[in-house]
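**Q** need a 3D model of the following:
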Amino acid sequence: MPSDWEQQLDDMARQQGTTPESLVLSAVKHMLSPAEPEQGTPPPGSMAEFLEGYVGVFDSRDWAPGGSVLQPIPGR
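**A** Numbering: from 1, shown residues only. Alright, predicted model coming up:
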């Protein structure tokens, strides 16, 4: 390992109150573990991602004179 990396690793370990070995093991474990999606971020291939660009809000008056009128469902 280059000496400047070793020094940076020593400094980082000292700041975090741990050993350089523990930092390296933690980094390797993180790299080898399956990635977890961040909270609030849809996973790749999600329905939200699929519909991005197609779902939104529009003013129905742009499409129908006077706008759309929703009709009640009979029996409800």
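**Q** M31 - how many residues pack around it?
**A** 8 (other CB atoms under 10 Å). Bear in mind the C-beta positions are built from the backbone N, C-alpha and C, glycine included.
**Q** element containing it?
**A** helix 20-32 (DSSP states H and E).
**Q** go through that helix and flag the buried ones.
**A** Neighbour counts using 16 or more other CB atoms under 10 Å place P20 of helix 20-32 among the buried residues.
**Q** helices and strands around it, which ones?
**A** Secondary-structure packing of helix 20-32 (3 or more CB pairs under 8 Å, 6 or more residues apart in numbering; DSSP states H and E): helix 3-16.
**Q** CA atoms of the helix holding M31 as CSV?
**A** Provided in CSV are the C-alpha atoms of helix 20-32 (Å, rounded to 0.1, in the frame of the first residue of the first chain):
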residue,chain,number,x,y,z
PRO,A,20,-6.8,0.7,10.4
GLU,A,21,-7.4,-3.0,10.1
SER,A,22,-11.0,-2.6,11.2
LEU,A,23,-11.6,0.2,8.7
VAL,A,24,-10.2,-1.9,5.9
LEU,A,25,-12.3,-4.9,6.9
SER,A,26,-15.4,-2.7,7.2
ALA,A,27,-14.8,-1.3,3.7
VAL,A,28,-14.3,-4.8,2.2
LYS,A,29,-17.4,-6.1,3.9
HIS,A,30,-19.4,-3.1,2.6
MET,A,31,-18.1,-3.7,-1.0
LEU,A,32,-19.0,-7.4,-0.9
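**Q** mean confidence score for it?
**A** The pLDDT scores in helix 20-32 average 89.
**Q** outside of that helix itself, list whatever touches it.
**A** 6, 9-10, 12-13, 16 (CB atoms under 8 Å, 6 or more residues apart in numbering).
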